[in-house]
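Chemist: I'd like to go over a predicted model; first the sequence, then the structure.
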There are 2 protein chains.
Amino acid sequence: MIKKNNIDIEFILVEPSHPGNIGACARAIKNMGFKKLALVNPRKKINEEAFHRAKGAKDILENAVIFDSFDLAINEKNLILATSARKRTIQWPTYFVDNISDEIKSQMKSEMIKTGIVFGREDNGLSNEELQKCHYHLIIPANEEYSSLNLSHALQIVAFEIRKIIFDDEINKIEVRDVVSNQENEKLLEHLMEVLKKIDFYDPKSSKQVKTRIDRLIKKSRLDKMEMGILRGFLSKIIDFEK
Amino acid sequence: MIKKNNIDIEFILVEPSHPGNIGACARAIKNMGFKKLALVNPRKKINEEAFHRAKGAKDILENAVIFDSFDLAINEKNLILATSARKRTIQWPTYFVDNISDEIKSQMKSEMIKTGIVFGREDNGLSNEELQKCHYHLIIPANEEYSSLNLSHALQIVAFEIRKIIFDDEINKIEVRDVVSNQENEKLLEHLMEVLKKIDFYDPKSSKQVKTRIDRLIKKSRLDKMEMGILRGFLSKIIDFEK
């Protein structure tokens, strides 16, 4: 990312099946001026075919980070986008890939923000659970009658669109806040669930929906460190009071 | 191309080497809602690998048209765009693929216009001669240090951008003229060369540049049928006069 060296955007492939696809993704990443590739539990090892398809992007493959779980791959991220070619039944904040909001664009361009862009399995995409761990969903506009893109082609389009964002200096310099990491959000959610249970508001057996909705709310809020401090302090206070 | 059935856009691959790439191109074409694929002298036959990579776009492969020469592939076209990832030394009217002019966009959307979008060989692209037979060059913005995209990935980006054009009804309805076909332009060029030679203006041995420049001028002019009639009449008249 010439002149944009401190922008931190990682492409995360979840359980890819075909080493050839991984290689083609590496090439697309480098072609568009990016550097970082992460793999969550690849079903096959990076092999000769992967290097063959990567062509001049062998460095991207060599430096790819491999994670044992999706959670580990996204833990450090401040902004997580999940790519999908089709509309999901699940309601979640969603953008078309060529129509991302200016706020998210400036976050991607900030050195303070680690962005992860997540791609699902070739055969059946991302699970609902994985999708719900992401802040936003990105949809690639496609033929309704045949919307399933090849993995590396989907990545190519997303990387092409994000390249435009990174190199577009016209985007309003919306102030970028020090948005917390995903891990901190998860801790807040757990803390909140604990409190809700304690005050008998929430029964984990009967009401999984409640947790999902609160999770979504937290992610949508894009909390900064100050806000997180206030909320965590507030929750601790409730529990202290109940004792 | 749902509701856009009469828009005529064909993706033309010149001497592709890898059947797998052809299959991946077919899939990308269908994913983006297009239908037409043409191949100029493919170096290998469409085989099992091509069908495997095409996945749900086997119909696009089955209906692919195969031409023996580049000229035959573009003869009937009214608008021909050549794709390239890098800037050429050759000066030619050029657009970035995400910044095509409104005039060209409305031509693509017109039922009167047959558009051909040309992609070069995996190893060494299009020859200068082939490039000069196209009306415009399209550049895919890419990493300057590694700008060579995989064939099907380049096609994916171009198809994605053209899909936006086709489905964007905001584009000004600039009046679309009945632009002549490439064949008619070639005939005009030959006719003009013949006249120039006859009046001793042009020596084919010493001045290949002249022909190239006139060729470029003709293509840039985007002549309609009426204009073509006038020019051809004018040229015939000169020869009659010289007799």
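Modeler: Structure's in. What do you need? Numbers count the residues shown, from 1 in each chain, chains lettered A, B, ... in the order given.

Chemist: beta partners for the spatially most central residue of chain A?
Modeler: With distances taken as CA atoms, centre = their mean, the residue of chain A nearest its centroid is A:Ile80 (2.4 Å). For A:Ile80, the beta-bridge partners are A:Gly116 (DSSP bridges).

Chemist: against B:Leu61, how distant is it?
Modeler: Noted for A:Ile80: a distance of 37 Å to B:Leu61, by CB to CB, to the nearest Å. Heads up, the C-betas are built off the backbone N, CA and C, glycines and all.

Chemist: likewise for A:Glu190?
Modeler: 51 Å.

Chemist: which one of the two has more residues nearby?
Modeler: Just comparing A:Glu190 and B:Leu61: by other CB atoms under 10 Å in any protein chain shown the higher neighbour count belongs to B:Leu61, 22 against 11.

Chemist: give me the mean pLDDT for the helix or strand containing that one.
Modeler: Using DSSP states H and E, B:Leu61 falls within helix B:58-62. Per-residue pLDDT values over helix B:58-62 give a mean of 97.

Chemist: helices or strands up against that helix?
Modeler: Where contact means 3 or more CB pairs under 8 Å, 6 or more residues apart in numbering or on different chains; DSSP states H and E, helix B:58-62 is packed against helix B:19-31, strand B:36-40, helix B:48-54.

Chemist: alpha carbons of that helix, as PDB, please.
Modeler: Only the C-alpha atoms of helix B:58-62 are listed here, as PDB (Å, rounded to 0.1, in the frame of the first residue of the first chain):
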ATOM      1  CA  LYS B  58     -22.200 -24.100 -18.000                       C
ATOM      2  CA  ASP B  59     -24.800 -22.600 -20.300                       C
ATOM      3  CA  ILE B  60     -22.500 -19.600 -21.000                       C
ATOM      4  CA  LEU B  61     -19.700 -22.000 -21.900                       C
ATOM      5  CA  GLU B  62     -21.900 -24.100 -24.100                       C
END
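
Chemist: can you list contacts of the helix or strand just after it?
Modeler: Counting by DSSP H and E, the next helix or strand C-terminal to helix B:58-62 is strand B:65-67. The list of residues contacting strand B:65-67 from outside it, by CB atoms under 8 Å, 6 or more residues apart in numbering or on different chains, reads B:36-42, B:73.

Chemist: now with 10 Å?
Modeler: With CB atoms under 10 Å, 6 or more residues apart in numbering or on different chains as the test, strand B:65-67 has contacts from B:10, B:12, B:14, B:36-42, B:45-46, B:72-75.

Chemist: what's the farthest-apart pair in the residues you listed?
Modeler: Using CB to CB, the contacts of strand B:65-67 span at most 23.8 Å, a distance reached by B:Lys45 and B:Asn75.

Chemist: of these two, which one has the most company?
Modeler: Set side by side, B:Lys45 and B:Asn75 show more neighbours around B:Asn75, with 15 against 9, by other CB under 10 Å.

Chemist: would you agree that one is in contact with B:Ser181?
Modeler: Yes - when contacts are counted by CB atoms under 10 Å, B:Asn75 is listed as touching B:Ser181 (6.8 Å).

Chemist: what are the buried residues along the one helix or strand A:Ile214 maps to?
Modeler: Secondary structure from DSSP H and E places A:Ile214 in helix A:208-221. Judged by neighbour count (16 or more other CB atoms under 10 Å in any protein chain shown), helix A:208-221 contains these buried residues: A:211, A:214-216, A:218-219.

Chemist: can you name the next helix or strand after it?
Modeler: helix A:225-242.

Chemist: okay, that next one in CSV with CA atoms only?
Modeler: The C-alpha trace of helix A:225-242 is given here as CSV (Å, rounded to 0.1, in the frame of the first residue of the first chain):
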residue,chain,number,x,y,z
LYS,A,225,-12.8,3.4,24.9
MET,A,226,-14.4,6.1,27.0
GLU,A,227,-17.9,4.8,26.4
MET,A,228,-16.7,1.3,27.2
GLY,A,229,-15.3,2.4,30.5
ILE,A,230,-18.6,4.0,31.4
LEU,A,231,-20.7,1.0,30.5
ARG,A,232,-18.4,-1.5,32.3
GLY,A,233,-18.3,0.7,35.4
PHE,A,234,-22.1,0.9,35.3
LEU,A,235,-22.5,-2.9,35.1
SER,A,236,-20.0,-3.5,38.0
LYS,A,237,-21.9,-1.0,40.0
ILE,A,238,-25.2,-2.9,39.5
ILE,A,239,-23.7,-6.1,40.7
ASP,A,240,-22.1,-4.4,43.7
PHE,A,241,-25.5,-2.9,44.6
GLU,A,242,-27.2,-6.3,44.3
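
Chemist: break chain A down into its domains, please.
Modeler: Domain assignment for chain A by automatic domain parsing gives A:8-167, A:182-242.
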